[in-house]
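[1] Turn this into a model:
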Amino acid sequence: MPFVEFLTDPAVWASFLALSAMEIVLGIDNVVFISVMVQRLPKDQQLMARRIGLSLALVFRVIMLGFIAWFIHMTTPIFSVGDYAFSWRDLILLAGGLFLLVKGTREIHLGIEGEDDENGGNVVVQSLTAAIVQIAIIDLVFSVDSIITAVGMAEHVEVMIAAVMVAIAVMYFASGPVSAFIERHPTTKMLALSFLLLIGAALVADAFHFHIPRGYIYFAMAFSAGVEIINVLAMRRRRRTQAEAKKVKGAAKG
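    Next comes the predicted model:
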């Protein structure tokens with residue numbers, strides 16, 4: 001198809017817009033994970049970690065799109081265990097799901113129990129390299145679902161790459177505010193970690209061919225986030241009321 005005709009084809013633009021929206025929705029998982037991972041880094045490294053993590057997400061997706069002919073066959077069974085036939089996609093989703101379950105559980109444990117060093121202080125910082133490696137692992141897992149969705153929704157690789165780039169750009173601008181919100185409101189970090197456990201369980205279920213509709217998962221996440229926002233606003237108002245009451249009480253004493 002000639003380039004000008006390609007750009008003016010309504011079907012191409014329709015698939016691009018639909019795929020971009022879907023990629024942005026699928027990217028919610030990645031934004032939550034990256035936001036949680038950078039929390040334990042020093043302030044001056046958090047932005048770098050987000051940039052590198054999202055750059056890796058873009059690289060993984062573009063590389064996979066470049067090998068799309070091979071990638072399509074990742075859903076072909078390679079061995080069976082009982083009634084379950086596993087493909088490369090299933091194995092990657094299983095590994096990623098287990099990683100999220102272990103990581104989410106460990107982070108929740110550290111958040112509740114804490115991790116003390118030899119001097120009795122809390123250890124809250126991890127290395128930049130460790131954070132990037134963990135982000136890269138989960139980026140690879142999320143890339144699998146992302147590309148399989150892209151293959152099913154668009155016919156042209158150019159459209160897929162453009163949609164992926166738009167989604168990564170949106171994720172880049174969203175990750176900063178999400179990370180800042182989690183940092184300002186520590187209780188939301190536990191909620192974000194719970195999301196990771198939910199996503200991990202969904203990935204493991206997918207690996208065993210038990211698909212949980214993503215609409216249910218995203219609705220649960222949106223509902224929980226909405227409740228948490230109401231709690232944050234209520235707490236902020238309560239503190240403001242208490243501060244005003246103390247101010248009035250102090251003026252009355254004076």
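
[2] For the host helix or strand of residue 65, give me every contacting residue.
    With elements taken from DSSP states H and E, the one containing residue 65 is helix 43-66. Helix 43-66 is contacted by residues 27, 30, 34, 37-39, 41, 71, 128, 131-132, 135-136, 139-140, 142-144, 146-147, 150, 157, 160-161, 164-165, 168, 171-172, 175-176, 179 when judged by C-beta atoms under 8 Å, 6 or more residues apart in numbering. C-betas here are computed from N, CA, C, even on glycine.

[3] Same question for it: list its buried residues.
    For helix 43-66, the neighbour count (16 or more other C-beta atoms under 10 Å) marks 45-46, 49-50, 52-54, 56-58, 60-62, 64-65 as buried.

[4] For residue 251, state which of these is nearest.
    For the buried residues of helix 43-66, the residue nearest residue 251 by C-beta to C-beta is residue 46; the value is 41.4 Å.

[5] Check the gap between that closest one and residue 195 for me.
    Separation of residue 46 from residue 195 (C-beta to C-beta, to the nearest Å) stands at 19 Å.

[6] Could you do residue 132 as well?
    Here the distance between residue 132 and residue 195 works out to 21 Å (C-beta to C-beta).

[7] again, but for residue 56
    Spatial separation of residue 56 from residue 195 under the definition C-beta to C-beta is 21 Å.

[8] Next: residue 225.
    Relative to residue 195, residue 225 is positioned 9 Å away (C-beta to C-beta).

[9] More neighbours: which of these two?
    For residue 225 against residue 195, the residue with the higher neighbour count under other C-beta atoms under 10 Å is residue 195, and the figures read 22 against 15.

[10] Quick one: residues in contact with the host helix or strand of that one.
    When secondary structure is defined using DSSP H and E, the element that contains residue 195 is helix 187-207. Residues from elsewhere that reach helix 187-207 (C-beta under 8 Å, 6+ apart): 29, 32-33, 35-36, 39, 86, 90-91, 93-94, 96-101, 103-105, 107-108, 111, 141, 181-182, 211-212, 214, 217, 220-221, 224-225, 228, 231-232.
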